[in-house]
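Novice: Take this sequence and fold it.
(chains A, B, C and D)
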Protein chains: 4
Amino acid sequence: MHHLSPEMKSCIDECLHCYSVCLSTAMGHCLELGGKHTEKQHFTLMMACAEICRTSAHFMLIGSEHHKHTCGECAEICNECADDCERIGDMQECVEACRRCAESCREMAA
Amino acid sequence: MHHLSPEMKSCIDECLHCYSVCLSTAMGHCLELGGKHTEKQHFTLMMACAEICRTSAHFMLIGSEHHKHTCGECAEICNECADDCERIGDMQECVEACRRCAESCREMAA
Amino acid sequence: MHHLSPEMKSCIDECLHCYSVCLSTAMGHCLELGGKHTEKQHFTLMMACAEICRTSAHFMLIGSEHHKHTCGECAEICNECADDCERIGDMQECVEACRRCAESCREMAA
Amino acid sequence: MHHLSPEMKSCIDECLHCYSVCLSTAMGHCLELGGKHTEKQHFTLMMACAEICRTSAHFMLIGSEHHKHTCGECAEICNECADDCERIGDMQECVEACRRCAESCREMAA
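Specialist: Numbering: from 1, shown residues only, chains lettered A, B, ... in the order given. The predicted model follows:
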């Protein structure tokens, strides 16, 4: 991965971490608890967040210039997901992963 | 898939078709021929096109409102990929799949 | 996609169809209804089925010999998913997509 | 990710690292150099390795029991990819990521 800048490597790591946390929290924690955690709007947002993180990492790894656009979208969805996880509560790991990923993606999108 | 509108179903089909054609053309046709076909810029664009099509289909299938943004980006990359395949030549199936997908995604993005 | 045999093209189509039906049914129908539909075991199986179908299609599209193993695994998970959707009921489209995909994948795996 | 065992977390990390290294090496290093690096057999193996790593991580993250089978397949493809990268040379980072991922996946598959 020596072709990639340190900033991009770091953003890839944040994306893959946020993907991992969102997906495992949705499929572990949320499905286990039910109620507000499996409301369609919230659960879909968590799955959308996992998918855009996975995709943004992919665009950076293949070296596409379009990573700027996927990272921009990633930053938006991550922040929305963080807000919604804070609203429902008890998902601090997810909130933190989303905030850090959003910040890193916003820099890559600039 | 009865929860999805006919327009969205049709766009999902175009995305998955374009994903299939771009990926199999890049990994079959382009790797086989080499030369201009494996130039970094062209090959990366084909792989980026395959990935954004796969992702846009996914966003529509999970029912995320953010499909509008992934579809918007998909339309752009598909048109760019179609132009590049026309420039290099001998990839008419890919050109057509990209143009149709771009048109369908632009409507979903509106 | 002229590099691919008619049998393989057909299997790719079944995989992408089953992926589409399982994912949209889980995220639309199942999340909407809740109860048995969002039990962890059932919901996870539907998401696993969607993912292995997506992956098996990918392996065939890139032309990897290892598609035999992913298709073998795909056939198993699809049949398990079909059984579970029959048990819970009201998911006939999913049952049919899974059975057809399983049959097609089993032939590719042989 | 507190629902996951330390062994599984570690395997997910190895899978996502190997995915990142294989994909970025193929799309950066190999496309840049051409020649043996873009031979169909080698390039396809690297892309198959990236994809099965991505998929195995996904199966562990969603909590599917079938991760045992995807991890078993992942171990096989990773070792094959490591051998092929050693044969061609100048891809030590990829060789190491593949060997470590194969070892970790083999334990999860047992």
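Novice: near chain D, which residues of chain A?
Specialist: A:1-4, A:12, A:16, A:20-21, A:23-25, A:27-29, A:32, A:54, A:57-58, A:61-63, A:93 (C-beta under 8 Å from any C-beta of the partner chain). Bear in mind the C-beta positions are built from the backbone N, C-alpha and C, glycine included.
Novice: cutoff 7 Å now
Specialist: Neighbours of chain D within chain A, by C-beta under 7 Å from any C-beta of the partner chain: A:1, A:3-4, A:12, A:16, A:20-21, A:23-24, A:27-29, A:61-63, A:93.
Novice: The worst-scoring helix or strand of chain A on mean pLDDT close to chain C?
Specialist: Across the helices and strands of chain A, mean pLDDT, DSSP states H and E gives its lowest value to helix A:31-33, namely a mean of 95. Yes: using C-beta under 7 Å from any C-beta, helix A:31-33 comes into contact with chain C via A:Leu31, A:Glu32.
Novice: Tell me the confidence at A:His2?
Specialist: On pLDDT, A:His2 comes in at 72.
Novice: Which ones among the residues of chain A next to chain D lie within helices?
Specialist: Judged by DSSP state H, the residues of chain A next to chain D include A:Ile12, A:Leu16, A:Ser20, A:Val21, A:Leu23, A:Ser24, A:Leu61, A:Ile62, A:Glu93 as members of helices.
Novice: can you put those residues in JSON lines and add pLDDT and neighbour count?
Specialist: Listed next are these as JSON lines, based on pLDDT from 0 to 100; neighbours: other C-beta atoms under 10 Å in any protein chain shown:
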{"residue": "A:Ile12", "pLDDT": "98", "neighbour count": "25"}
{"residue": "A:Leu16", "pLDDT": "98", "neighbour count": "26"}
{"residue": "A:Ser20", "pLDDT": "98", "neighbour count": "24"}
{"residue": "A:Val21", "pLDDT": "98", "neighbour count": "25"}
{"residue": "A:Leu23", "pLDDT": "98", "neighbour count": "25"}
{"residue": "A:Ser24", "pLDDT": "98", "neighbour count": "25"}
{"residue": "A:Leu61", "pLDDT": "98", "neighbour count": "28"}
{"residue": "A:Ile62", "pLDDT": "98", "neighbour count": "23"}
{"residue": "A:Glu93", "pLDDT": "97", "neighbour count": "16"}
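Novice: okay if I get those as a markdown table plus distance to chain B?
Specialist: Formatted as a markdown table, these follow (distance: C-beta to the nearest C-beta, whole Å):
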| residue | distance to chain B |
| --- | --- |
| A:Ile12 | 14 |
| A:Leu16 | 15 |
| A:Ser20 | 17 |
| A:Val21 | 18 |
| A:Leu23 | 12 |
| A:Ser24 | 17 |
| A:Leu61 | 10 |
| A:Ile62 | 5 |
| A:Glu93 | 22 |
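Novice: so which two of those residues are the farthest from each other?
Specialist: A:Ile62 and A:Glu93 (28.6 Å; C-beta to C-beta).
Novice: what's the closest non-adjacent residue to A:Met47?
Specialist: Leaving aside its sequence neighbours, A:Met47 sits nearest to B:Ile62 (C-beta to C-beta, 6 or more residues apart in numbering or on different chains; 5.3 Å).
Novice: for A:Cys81, same thing?
Specialist: A:Cys49 (4.0 Å).
Novice: The host helix or strand of that neighbour: what's the following helix or strand?
Specialist: According to DSSP states H and E, A:Cys49 maps onto helix A:40-62. The helix or strand immediately downstream of helix A:40-62 is helix A:67-88, counting by DSSP H and E.
Novice: quick one, that following helix and helix B:40-62 angle?
Specialist: 30 degrees (axes from the mean of the first three to the mean of the last three C-alpha atoms, to 10 degrees).
Novice: and helix A:67-88, what other elements does it pack with?
Specialist: With contacts taken as 3 or more C-beta pairs under 7 Å, 6 or more residues apart in numbering or on different chains; DSSP states H and E, helix A:67-88 sits against helix A:6-24, helix A:40-62, helix A:92-109, helix B:67-88.
Novice: Can you lay out these as TSV showing distance to D:Ala97?
Specialist: Below are the helices and strands packed on helix A:67-88 laid out as TSV (distance: least, C-beta to C-beta, whole Å):
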stretch	distance to D:Ala97
helix A:6-24	14
helix A:40-62	13
helix A:92-109	22
helix B:67-88	28
